[in-house]
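> Got a predicted structure here, sequence first:
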Amino acid sequence: DGLSGNEDCGQMSAWYVLSSIGFYPVNPSNGAYVFGRPLFDSAIIELPLGRKFIVEAKNNGKENIYIQSVTLNGQPYSKSFITHKNIIEGGNLSFVMGPKPNKKFASEQDNRPKSIVY
């Protein structure tokens, strides 16, 4: 039945799906997706022209809730976010999860999202 005037046009559902994959838009207008804990061990986003964006979470589990490291297309990735451009180009994003935070991961200022359009 919903609440009158409380219609988000599916945006909360979209946020939940993205967040479950391992990233979500904090500021949807700038094209950056901030990393969070992946709920699934793997997910595939089907893209136009037969491309795919594959997300994997290695060592994912109840105790391993913290990102230890990330690779993008097989290369070490030190940022705490990806861009929409990264996703639509297709490729592979791989998280390695662990039981304690890796406080060095994405700790430098340049590895954090900015309030600019990417």
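Perfect, I can see it now.

> contacting residues for the residue nearest to the spatial centre of the chain?
Geometric centre of the chain, nearest residue: Phe23, 2.0 Å, by Cα atoms, centre = their mean. Phe23 makes contacts with Tyr33, Val34, Phe35, Gly36, Val55, Phe81, Ile82, Leu93, as judged by Cβ atoms under 8 Å, 6 or more residues apart in numbering. For every residue, glycine as well, the C-beta is placed using N, CA and C.

> all helices of this structure, in order?
For the chain, helices defined by DSSP state H occupy the ranges 11-21, 84-89.

> so the closest residue to Ile45 other than its chain neighbours bridges to which residues?
Excluding its sequence neighbours, the residue lying closest to Ile45 (Cβ to Cβ, 6 or more residues apart in numbering) is Phe53, at 4.2 Å. Bridge pairing for Phe53 (DSSP bridges) gives the partners Ile45, Gly91.

> before we move on, the earlier item: just the pLDDT at the residue nearest to the centre of the chain, thanks.
With respect to pLDDT, Phe23 has a value of 96.

> Alpha carbons only: can I get stretch 27-35 in CSV?
C-alpha atoms of stretch 27-35 as CSV (Å, rounded to 0.1, in the frame of the first residue of the first chain):
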residue,chain,number,x,y,z
ASN,A,27,26.6,11.4,-4.7
PRO,A,28,24.8,10.0,-7.9
SER,A,29,25.5,13.2,-9.9
ASN,A,30,29.4,12.8,-9.8
GLY,A,31,29.7,9.3,-11.2
ALA,A,32,31.6,7.8,-8.3
TYR,A,33,30.6,4.6,-6.6
VAL,A,34,32.1,4.1,-3.1
PHE,A,35,33.1,0.6,-2.0
